[in-house]
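# turn this into a model:
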Amino acid sequence: MEPGRREEKEPVHIKAKPEDVAELCLIMGDPARVEHASSVLSERRLVNAHRGFIAYTGMYRGLRVTMACHGVGGPSAAIAVEELAMLGAKRFVRLGTTGAFLEGIEPGDVVVPTAALYRDSVPSLYLGGSVGPTVPDYGLLQAVVRGLEERGIRAHLGPVFSSDAFYLESPSFASEWASRGALAVEMECATIFAVAAVRRLRAAAVLIVSNNLARRTRMLDAEELRPTALAVTKAILDELSRER
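Prediction:
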């Protein structure tokens, strides 16, 4: 059974109008990354700042795009996707960060999730129990990978684990989930893919490696990851602008 939706006349957290939000949304957990990524847009305008869900809408090579902050964790990400969809968004690409589980994946590398594993968490509420991994939209996943390849950005493709407990991530945690096939850990993909499936939306993700948990490297911050985030943003939008 499809989960219900609160019968709100308008979004509670994202105080924008339908005409403010594009059909394509790039969504990110860090408001600093939203500021960085949205710098590639022309005619950029702020359409929401309420409750920290910073959102800009603008143009990229003729493609209208909204870039928004979804906050940290599944509950916050679910709110962002639900409310942006209420306002007319149909395609979502998460541009996030991730901690690598495998020693050969370097900070600054790019991971493209082909599935998101999870334990009982927000996806369980949407899907009615722990029914297995959630997955991105295949066509959107293909477009993202094509865009990265066009710009010469090598990506590691494979499952990730979506965790609700940031401070439980450790080398033993990395080893456990790597043994189950996960390349890396993050906090939102399983939820975003679940919400998209239930609401008949399309979603995919590109994750920049901020640290390596197996090797206990330090975590790179948004400013250090900015060049990669901008390159990935342009790669995604170059490809999607050709497809419109």
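# centre-most residue in the chain?
The centroid of the chain falls nearest to Arg94 when counting by Cα atoms, centre = their mean (1.9 Å).
# name whatever forms a beta bridge with it.
Counting by DSSP bridges, Arg94 is bridged to Ile27, Ala205.
# repeat that for Met59.
Under the criterion used here (DSSP bridges), Met59 is bridged to Ser42, Arg64.
# contacts only, for it.
With contacts defined as Cβ atoms under 8 Å, 6 or more residues apart in numbering, the neighbours of Met59 are Leu41, Ser42, Glu43, Val65. For every residue, glycine as well, the C-beta is placed using N, CA and C.
# try Glu23
Arg64, Gly88, Ala89, Lys90, Arg91.
# report the buried members of those residues.
Among these, those classed as buried by neighbour count (16 or more other Cβ atoms under 10 Å) are Arg64, Gly88, Ala89, Lys90, Arg91.
# quick one: the strands in this protein?
Using DSSP state E, the strands of the chain run over residues 24-28, 42-48, 55-60, 63-69, 91-100, 110-117, 155-162, 184-186, 202-212.
# was I right about Glu186 contacting Phe101?
No: using Cβ atoms under 8 Å, Glu186 and Phe101 do not qualify as a contacting pair, with a distance of 11.1 Å.
# any common contacting residues for these two?
Residues touching both Glu186 and Phe101 comprise Phe161, with contact defined as Cβ under 8 Å, 6+ apart.
# any idea what sits nearest Val145, other than its immediate chain neighbours?
With sequence-adjacent residues excluded and distances taken as Cβ to Cβ, 6 or more residues apart in numbering, Val145 is closest to Val112, at 6.0 Å.
# the lengthiest helix in the chain vs strand 63-69, what angle?
With DSSP state H setting the assignment, residue counts place helix 222-243 as the longest helix in the chain. Put simply, helix 222-243 runs at 150 degrees to strand 63-69, going by axes from the mean of the first three to the mean of the last three Cα atoms, to 10 degrees.
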